[in-house]
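Student: Sharing a model that was predicted from the sequence below.
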Amino acid sequence: MTFTIAVFWPPPPDETTTERYQEIADAGIDLVITGNYLSDRTILKHALTRADQTGLGMLVASDPRIDVVMKDLDLPAEQTRELIGKVIDDYSGHPSFRGISLMDEPYPERYERLAIGVAAVRDRGKLAYVNLFPSHATGEYDEYVGGFVDTVKPELVSFDRYPFLADGAYDEGYFGDLAVIRAHAERAGVPAWLYIQTLAYEGHRTPNAAEIAWQVNTALAYGYTGIQYFTYWTPDPSRGESFQPALVHDGVRTERYEVVKQLNNGWLRPVGDELDRLTWRSVRHTDTAVIGEYGDRHLFVCNARFDAPSEVTVDGPVSAFDPASGSYEKSAATFTLEPGAARLLMIH
């Protein structure tokens, strides 16, 4: 599976146009995860057509038939597979159709049900997607994630934990969850994906450009190969949780749309593709940096801070990856990283 940049909560039905989907693609996004009332076959097929036209992939996360068969009914396995197959058949004529989201934030009592669903989607050659809770909603997190991996046998392990809190603090549990998810994904031999906070909502503040980059870069240091932005379009007030403007608000791009567009196109896509050809080995923390080790000769070095520059020293000589050219250029072994920033280094 290649490096993926995704968004959740796309434009609503009345804004599901080719122009709006081109706006998503222009921001360096390659996968749209549905939601925002794209919740019947007619509008989902309409959205898939817009994705077809703009080169985007689409993960269907809002077909109500999937919710019913995964959450509400405990049908026999064969009948479950048959119903999921019918859903896949409805969308398989679209080149953009990548797969099905079976459930968001499941509790362990649904794992056996999800195992049937994941196998059914995978057997049809599509991505079976499930997103997990963070640890503050589950209790013992290693047991929660491990049980999911062992029972469901997923194609990837995805989760969300949004670290920037309304009181100005940072969620200290962020790195612990990042590590647990990555460890179980590594054990299962599947990718790890993470959601990135783009907006303020109940108990959380609006992240600035450095804080968005810091989330992305810490995930890369931990070997994550799927970056998912939460959210793209601002959820409407009726959904509760006091959502504030996201990347696009009431049809107008916010400054964070431009931040994400520049980050994706100028850094994340080229460096993600470069990391995709390397093998992630491990991660370590120093006072100034979070350092991911890739292969035998590469270090992904992220500033440990999102609120101040840090001076970092590594064993040299080294070259730094230039995202504009895709080549490596000679670099000093001691350098300063701006808040939230990172460098990919090759050791000589």
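Tutor: On my side now, so go ahead. Numbering: from 1, shown residues only.
Student: just the strands in the stretch 201-348 of the chain please.
Tutor: Assigned by DSSP state E, counting those that start in this stretch, the stretch 201-348 of the chain shows strands spanning 226-230, 248-249, 252-253, 280-285, 289-294, 298-303, 310-313, 318-322, 327-331, 334-337, 342-347.
Student: What pairs with the last one, parallel or antiparallel?
Tutor: Yep, that's strand 342-347 we're talking about. Partner strands and pairing direction for strand 342-347 (DSSP bridges) are strand 298-303 (antiparallel), strand 318-322 (antiparallel).
Student: where's residue 308 relative to residue 210, distance?
Tutor: Using CB to CB, to the nearest Å, residue 308 is found at 9 Å from residue 210. The way it works is simple: take the backbone N, C-alpha and C, and place the C-beta from them, glycine included.
Student: Oh, that last question was meant for residue 323, not what I typed.
Tutor: Noted for residue 323: a distance of 18 Å to residue 210, by CB to CB.
Student: Please work out which of the strands paired with strand 342-347 is packed deepest.
Tutor: Highest mean neighbour count of the strands paired with strand 342-347: strand 298-303, a mean of 25 (counted as mean count of other CB atoms under 10 Å).
Student: now it: mean pLDDT?
Tutor: Averaging pLDDT along strand 298-303 gives 98.
Student: Ok, stretch 324-337 next?
Tutor: Averaged over stretch 324-337, pLDDT sits at 98.
Student: Name the surrounding residues that touch it.
Tutor: Identification of contacts with stretch 324-337 by CB atoms under 8 Å, 6 or more residues apart in numbering yields 266, 270, 274, 289, 301-303, 309-322, 343, 345-346.
Student: how about a cut-off of 6 Å?
Tutor: Around stretch 324-337, the neighbours that count as contacts under CB atoms under 6 Å, 6 or more residues apart in numbering are 303, 309-314, 316, 318-322, 346.
Student: Between those, which sits nearest residue 100?
Tutor: When the contacts of stretch 324-337 are ranked by distance to residue 100 (CB to CB), residue 321 comes first, at 35.3 Å.
Student: distance of the closest one from residue 166?
Tutor: Distance, residue 321 to residue 166, by CB to CB: 36 Å.
Student: In the protein, where is pLDDT below threshold?
Tutor: Across the chain, the ranges flagged by pLDDT under 70 are 1.
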